[in-house]
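Visitor: sequence first, predicted model second:
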Amino acid sequence: MKKKWYDYLWIASLAYLLLGFFNILFAWLGLLCFFIPLIISVATGTKGYCNRYCGRGQLFGLLGGRFGLSRKKDIPHWMKSKWFRYGFLIFFFVMFFQMLWNTCLVFSGAQDLRQAVTLLWTFKLPWHWAYHGTVFHEGVAAFAFGFYSVMLTSTILGLLTMVLYKPRSWCVYCPMGTMTQLICKVKK
């Protein structure tokens with residue numbers, strides 16, 4: 001079967017992670033991964049993004065499948081359950097809104113910019129080499145640090161579940177997948 005252009009979107013996911021490592025403002029590109037799945041599911045009533053265009057899922061499939069970095073075990077039943085998927089979605093939203101709140105504090109001047117990426121919502125990694133100031137307000141960088149933290153954390157969780165279970169196990173509890181599934185249910 002001939003490969004299509006969207007079969008190479010894993011390169012965009014990898015490029016996103018690398019670019020954010022060198023300049024944190026590239027983290028803003030991650031909003032595409034946030035809005036495009038929602039727009040596609042609202043417009044079509046399907047999970048077309050997840051099934052065809054998700055570069056992160058493709059990356060996990062490539063690493064776990066072709067490169068054999070996965071144990072290829074079934075994901076535990078509790079990770080497939082509604083309570084876990086919706087609970088993770090709620091947790092994700094809490095972390096996302098906390099990131100937005102911190103961004104608002106930087107924009108208002110109530111908080112200084114912290115040049116750190118928070119990994120797994122717990123560990124602050126100094127990330128000072130990726131930002132040296134721009135013409136934009138520091139709040140723009142604050143959002144980028146926070147959003148990159150969310151994207152890097154979810155990628156690491158996806159890599160962990162890829163290694164322990166099947167390559168695309170992350171897709172079972174991915175917050176975007178859960179949101180698009182909810183949109184599809186509402187549309188039907």
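Guide: Perfect, I can see it now.
Visitor: where along this protein do the helices fall?
Guide: 10-22, 31-44, 48, 55-61, 77-80, 82-108, 138-164, 170-173, 175-187 (DSSP state H).
Visitor: contacts for the shortest one next, please.
Guide: Residues lying outside helix 48 but in contact with it, judged by Cβ atoms under 8 Å, 6 or more residues apart in numbering, are 40-41. All C-beta spots, glycine's among them, are computed from the backbone N, C-alpha and C.
Visitor: so in the chain, where's the weakest helix or strand by average pLDDT?
Guide: Least confident element among the helices and strands of the chain, by mean pLDDT, DSSP states H and E: strand 123-126 (a mean of 88).
Visitor: residue closest to the middle of this structure?
Guide: By Cα atoms, centre = their mean, the chain has its centre lying nearest to Met151, at 3.7 Å.
Visitor: count of residues packed around the residue nearest to Gly61 when sequence neighbours are not counted?
Guide: Distance criterion Cβ to Cβ, 6 or more residues apart in numbering; nearest residue to Gly61, sequence neighbours excluded, is Pro167 at 4.9 Å. For Pro167, the count of nearby residues is 26 (other Cβ atoms under 10 Å).
Visitor: quick one: stretch 76-92 to chain centroid distance?
Guide: Relative to its parent chain, stretch 76-92 has a centroid offset of 16 Å by Cα atoms, centre = their mean, to the nearest Å.
Visitor: quick one: average pLDDT of it?
Guide: Stretch 76-92 carries an average pLDDT of 96.
Visitor: for that stretch, list every residue counted as buried.
Guide: Buried residues in stretch 76-92, counting neighbours by 16 or more other Cβ atoms under 10 Å, are found at 79, 84-85, 88-89, 92.
Visitor: okay, those in CSV with distance to Thr118 next?
Guide: As requested, those are exported to CSV (distance: Cβ to Cβ, whole Å):
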residue, distance to Thr118
Met79, 23
Phe84, 22
Arg85, 23
Phe88, 17
Leu89, 19
Phe92, 14
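Visitor: in those residues, find the pair that's most separated.
Guide: Spatially, the most separated pair among those is Met79 and Phe92, at 14.7 Å (Cβ to Cβ).
Visitor: okay, Gln1 and Leu105: tell me how far apart.
Guide: Careful, residue 1 is Met; it's not Gln. Distance, Met1 to Leu105, using Cβ to Cβ, to the nearest Å: 50 Å.
Visitor: more neighbours: those two, which one.
Guide: Leu105 (14 against 4).
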